[in-house]
Every structure is written in C-alpha cells, then in structure tokens.
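[1] Model the following, please.
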Amino acid sequence: MKLIEVDEARIKTVIDTYFHWKELDAEIKTLSGTRGINLPSELSEYMACYALKLKLNKAPSEGDAVDESDPKNKLIIEIKGCSAESGTAPNSFSPSEKFDDLVFVRLVKKDDKLKIYRTGINSEKLKKIKVNKTQTVGDQQKEKRRPRFSIQKKIIDKLKLKPDVVFYIREKRIECK
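    The predicted structure is shown next:
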C-alpha cells in the first residue's frame with residue numbers, strides 16, 4: 001500500500017479542483033441537456049479521508065483508504081460516492097472487492113457539502129445484498145461481473161443511517177454527528 005495523509009495543502013488543492021469540476025459540470029449540462037458528469041472518485045476519496053482522518057491508499061491494491069485509529073486493527077476502507085441530485089444513482093463494485101468498512105459519500109451540490117457515512121458493511125456483508133430479483137452482489141461477483149446497485153436505497157435508507165460526518169466544502173468545515 002502507498003498511504004497518503006490528506007493534509008491542509010492537499011485538501012486545498014482538492015477543494016479548488018472541486019469548484020473547477022462544478023463549473024465544468026454546469027457547462028456540460030448546458031451543452032448537452034444531460035445529467036452532467038459524476039464527481040470524480042479522486043475528489044470524493046480525498047475529502048472523505050480528510051473528514052474521517054483516514055489515510056488514502058494510492059496503490060492499486062485493496063481498498064481506497066486505511067483507518068489507522070486502532071494500530072492493532074487497521075481497517076481497509078472502500079469509498080463510494082454519489083453526486084446525483086436524488087442520491088440514488090447506482091454504484092458498481094469490482095468482482096474481487098475486499099474491505100472492512102464501506103464508506104458512502106453523498107454530495108449535496110447546491111450546498112457544497114458531503115454527507116459521509118461509515119456503513120459498517122464489509123465485503124462479506126456486501127455479498128448478501130440483492131441487486132435484482134434473483135441475484136446478490138456475491139452471485140454476480142462469482143460470474144466475474146461488476147454488481148451495480150444504489151447504496152443510498154439498499155444500505156443508507158434501509159438501515160436508516162445518518163451521516164457520521166458532514167463536510168462543508170466551501171468552509172473546509174467538518175461537522176461530526
């Protein structure tokens with residue numbers, strides 16, 4: 001793993017890049033009338049790591065981040081995000097996902113804030129989630145497919161989760177719940 005601390009200099013660059021992305025997204029919507037472009041995972045991952053005090057994993061290995069708050073039990077974290085207005089756009093998972101906790105990042109674009117959820121779902125629990133009437137995430141992973149489902153609907157809403165942290169991007173302010 002190649003772990004990086006998201007320090008003040010990095011988060012400033014990420015926030016600046018977020019506002020560039022937001023302008024580009026608005027311009028693309030006017031050109032094409034489409035839903036725009038998704039928030040890049042690089043931005044949501046950096047912001048989630050900053051807000052949750054996680055180390056970002058830049059190596060092509062398991063997980064997007066590591067929680068080192070307990071030195072004896074470092075947790076592999078998978079971060080998924082959604083920037084759709086409804087928050088219910090589908091997320092996809094690799095056929096070989098392995099992680100200890102799924103973090104979901106939901107952008108509320110009009111307020112420039114991220115709602116960040118530590119779901120308590122690991123890669124084994126994820127396999128049991130239904131993605132359609134007949135299959136689970138695990139079933140599709142066995143078929144070497146990339147399962148897709150709405151984390152908002154299937155986990156956040158179903159478990160009635162509240163955000164652990166809200167990150168106000170413009171002010172660089174973290175509000176813990």
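
[2] For the rest of this, base every contact and every neighbour count on C-alpha atoms.
    Will do.

[3] the bottom helix or strand of the protein by mean pLDDT?
    Least confident element among the helices and strands of the chain, by mean pLDDT, DSSP states H and E: strand 91-92 (a mean of 90).

[4] which other residues reach that one?
    80-82, 146-151 (C-alpha atoms under 8 Å, 6 or more residues apart in numbering).

[5] how about a markdown table for those, with distance to residue 99, secondary structure and neighbour count added?
    Converted to a markdown table, those look like this (distance: C-alpha to C-alpha, whole Å; DSSP: H, G, I helix; E, B strand; the rest coil; neighbours: other C-alpha atoms under 10 Å):
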| residue | distance to residue 99 | secondary structure | neighbour count |
| --- | --- | --- | --- |
| 80 | 12 | strand | 20 |
| 81 | 16 | strand | 27 |
| 82 | 19 | strand | 25 |
| 146 | 16 | coil | 16 |
| 147 | 16 | coil | 24 |
| 148 | 17 | strand | 17 |
| 149 | 18 | strand | 19 |
| 150 | 18 | coil | 17 |
| 151 | 16 | helix | 26 |
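
[6] For the spatially most central residue of the chain, give its distance to residue 70.
    By C-alpha atoms, centre = their mean, the chain has its centre lying nearest to residue 80, at 2.6 Å. Separation of residue 80 from residue 70 (C-alpha to C-alpha, to the nearest Å) stands at 23 Å.

[7] Which strand residues bridge residue 76?
    Taking DSSP bridges as the rule, residue 76 bridges to residue 66.

[8] list the contacts for it?
    62-67, 98-101.

[9] before we move on, back to that, after the least confident helix or strand of the chain, which helix or strand is next? Please name it.
    Later in the chain than strand 91-92, the nearest helix or strand by DSSP states H and E is strand 101-108.

[10] and stretch 96-113, which residues are buried?
    97-108, 113 (16 or more other C-alpha atoms under 10 Å).

[11] Tell me which residues are up against it.
    With C-alpha under 8 Å, 6+ apart as the criterion, stretch 96-113 contacts 44, 48, 62-63, 75-85, 87, 114-124, 141, 151, 166-170.

[12] just the buried members of those residues?
    The buried subset of the contacts of stretch 96-113 - by 16+ other C-alpha under 10 Å - is 44, 48, 62-63, 75-84, 87, 114-119, 121-123, 141, 151, 166-169.

[13] Strands along the protein, start to end?
    3-5, 55-57, 65-67, 75-82, 91-92, 101-108, 113-118, 148-149, 165-168, 173-176 (DSSP state E).

[14] With distance to residue 32 as extra columns, can I get those strands in JSON lines?
    Shown next, in JSON lines, are these (distance: least, C-alpha to C-alpha, whole Å):
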{"stretch": "strand 3-5", "distance to residue 32": "37"}
{"stretch": "strand 55-57", "distance to residue 32": "34"}
{"stretch": "strand 65-67", "distance to residue 32": "35"}
{"stretch": "strand 75-82", "distance to residue 32": "21"}
{"stretch": "strand 91-92", "distance to residue 32": "23"}
{"stretch": "strand 101-108", "distance to residue 32": "22"}
{"stretch": "strand 113-118", "distance to residue 32": "26"}
{"stretch": "strand 148-149", "distance to residue 32": "25"}
{"stretch": "strand 165-168", "distance to residue 32": "29"}
{"stretch": "strand 173-176", "distance to residue 32": "34"}
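
[15] Okay then, goodbye and thanks.
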